[in-house]
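**Student:** based on what follows, work out the 3D shape:
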Amino acid sequence: MSNVNDDSNVINDGASVASDAKANERAIIADIERAITVLLEDRSYENLAYLLTLIRNNIEVELIVAVKGENGGLALAPVKTSDGQRFFAMFTSFDEQLKGPSKVQSTYEVSFKSIFDFVRNSNDIDGVMINPWGKPFILNRKLIDVVLGEQ
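**Tutor:** The predicted structure is shown next:
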């Protein structure tokens, strides 16, 4: 009988670790949202450096991306700005994603690192826009290079 209890404790401990990891990730995303808000209110170099460092230190954190059907597969749905630039949209929550014009979209959770790799391998994308329908923050190619420590 003790083996069954031991096994269930292992399963419960595994679920607890996963739950703790998800809670930690949500806390990091909340920190990123706060850092964006502070930067939008005070566009200082220090606030930008803090936000970029926060993203760099949490490069594997996953945000939500919207995808669309394209050529029989899926592709990231870009956001186009009034000056013609195109950015992959990332959202800190489903509530942020639902603020957009298209309420029904397929979504996935993808890390900053993965999206940055997509941008770097794409000739027609200018960067990443976090929460484009709320308090938007743009990471252009230059800022992505800074986050990745390549500039």
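**Student:** would you map the helices across the chain?
**Tutor:** 2-41, 45-57, 94-97, 112-120, 141-147 (DSSP state H).
**Student:** by mean pLDDT, show me the worst of these.
**Tutor:** Of all the helices of the chain, helix 2-41 carries the lowest average pLDDT, namely a mean of 76.
**Student:** what residues sit buried inside stretch 47-67?
**Tutor:** 47-48, 51-52, 54-55, 58, 61-66 (16 or more other CB atoms under 10 Å). Quick note: C-beta positions are derived from backbone N, CA and C, even for glycine.
**Student:** and those residues, which is closest to residue 25?
**Tutor:** Nearest to residue 25 among the buried residues of stretch 47-67 is residue 61, at 5.6 Å by CB to CB.
**Student:** the closest one is in contact with residue 27, isn't it?
**Tutor:** No: under the criterion of CB atoms under 8 Å, residue 61 is not in contact with residue 27, lying 10.1 Å apart.
**Student:** residue 106 touches residue 64, doesn't it?
**Tutor:** No: using CB under 8 Å, residue 106 is not in contact with residue 64, being 10.7 Å away.
**Student:** residue 115: how many residues sit nearby?
**Tutor:** Counted with other CB atoms under 10 Å, residues neighbouring residue 115 total 23.
**Student:** distance of it from residue 90?
**Tutor:** 6 Å (CB to CB, to the nearest Å).
**Student:** ditto for residue 49
**Tutor:** Taking CB to CB, one finds residue 49 at 20 Å from residue 90.
**Student:** in its sheet, what does the lengthiest strand in the chain sit against?
**Tutor:** Secondary structure assigned by DSSP state E gives strand 62-70 as the longest strand of the chain. Sheet pairing of strand 62-70 (DSSP bridges) gives strand 73-76 (antiparallel), strand 86-91 (antiparallel), strand 106-111 (antiparallel).
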